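Asker: Please work out how this folds:
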Amino acid sequence: MGRFINGINGPVTGRVGTIIGSSRKGVAYVKGPYKKRTKRISKKEKANRDKFAMAQLWLQPVLGFLRQGFKGYSERSEGFVAAKSWLLKNSFEEDGTAIRINPALVKVSFGDLPVANNIAVSQPSPGQLKFTWDTALAEGASPSDQVMLLAYDIENSQASFTITGQFRNAGSDILPVPRTRKRTYHLYAAFVASDRERQSHSVYLGEWPL
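Answerer: Just a heads-up that it's a prediction; the model follows:
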């Protein structure tokens, strides 16, 4: 049974007659009951469904990173949902008759905090990736910002990451990665403010075979 909140002019929660009420992030929604589809799915609809499924699978292993990376993206969307929306709009490429996600076009963090310049990667020892960056502060940045690092083995759907790495003024950090077998990682870096209320855009740093 549904309820009217704040009287008949207020939002609806649950089922009332032929409508179903719910809310998300303080915004009220109403919808009709589910109806079984009888119309044939078009090629365009199938392509959109395929892209949606691909985006879902691609982002799932980095969910923990996205929760901070896309925090506060908009009034109605953040985290995984916001990251998927961004990917669907910006990160697909056509490869002949097929479509694919280009890792270089994906954002795993989005925001207005300045990112560091000259971010680079090296491998000081097996199972470790060392990230370095300039410590000069752009306007709006702080030495207490922390680096966010991600190494994503897309082929095996496995990721290593930190969202609370070294401080910006440290200039470097090391991310441990599994050494179980030969892998190729796609690398990303971003920065988050010490109060966790702001973050930067992510920077794609290319592929790294281990």
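
Asker: ok, then the element right after the lengthiest helix in the chain?
Answerer: Using DSSP state H to define each element, the chain has its longest helix at helix 43-59. Downstream of helix 43-59, the first helix or strand assigned by DSSP states H and E is helix 63-69.

Asker: That next one - contacts with which helices or strands?
Answerer: In terms of contacts (3 or more Cβ pairs under 8 Å, 6 or more residues apart in numbering; DSSP states H and E), helix 63-69 is packed against helix 79-90, strand 146-153, strand 158-162. For every residue, glycine as well, the C-beta is placed using N, CA and C.

Asker: so of these, which one's packed in deepest?
Answerer: Ranked by mean neighbour count, these are led by strand 146-153 with a mean of 24 (mean count of other Cβ atoms under 10 Å).

Asker: Could I get the average pLDDT for that strand?
Answerer: Taken as a whole, strand 146-153 carries a mean pLDDT of 98.

Asker: repeat for stretch 121-134
Answerer: Taken as a whole, stretch 121-134 has a mean pLDDT of 95.

Asker: Can you get me the start-to-end distance on stretch 177-188?
Answerer: End-to-end distance for stretch 177-188, by Cα to Cα, to the nearest Å: 14 Å.

Asker: buried set for it?
Answerer: By neighbour count on 16 or more other Cβ atoms under 10 Å, the buried set for stretch 177-188 is Val177, Arg183, Tyr185, His186, Leu187, Tyr188.

Asker: and the gap between the residue nearest to the third one when sequence neighbours are not counted and Glu75?
Answerer: What that stands for is Tyr185. The shortest distance from Tyr185 to any non-neighbouring residue, by Cβ to Cβ, 6 or more residues apart in numbering, is to Ala151 (4.1 Å). From Ala151 across to Glu75, the span is 32 Å (Cβ to Cβ, to the nearest Å).

Asker: and if you look at Met54?
Answerer: For Met54 relative to Glu75 (Cβ to Cβ), the value is 27 Å.

Asker: who's more crowded, these two?
Answerer: Neighbours around Met54 and Glu75, counted as other Cβ atoms under 10 Å, are more numerous at Met54. The numbers are 17 against 9.

Asker: quick one: that one from Pro209, how far?
Answerer: The gap separating Met54 from Pro209 is 24 Å, by Cβ to Cβ.

Asker: any idea how this structure splits into domains?
Answerer: For the chain, automatic domain parsing gives the domain ranges 1-35, 43-209.
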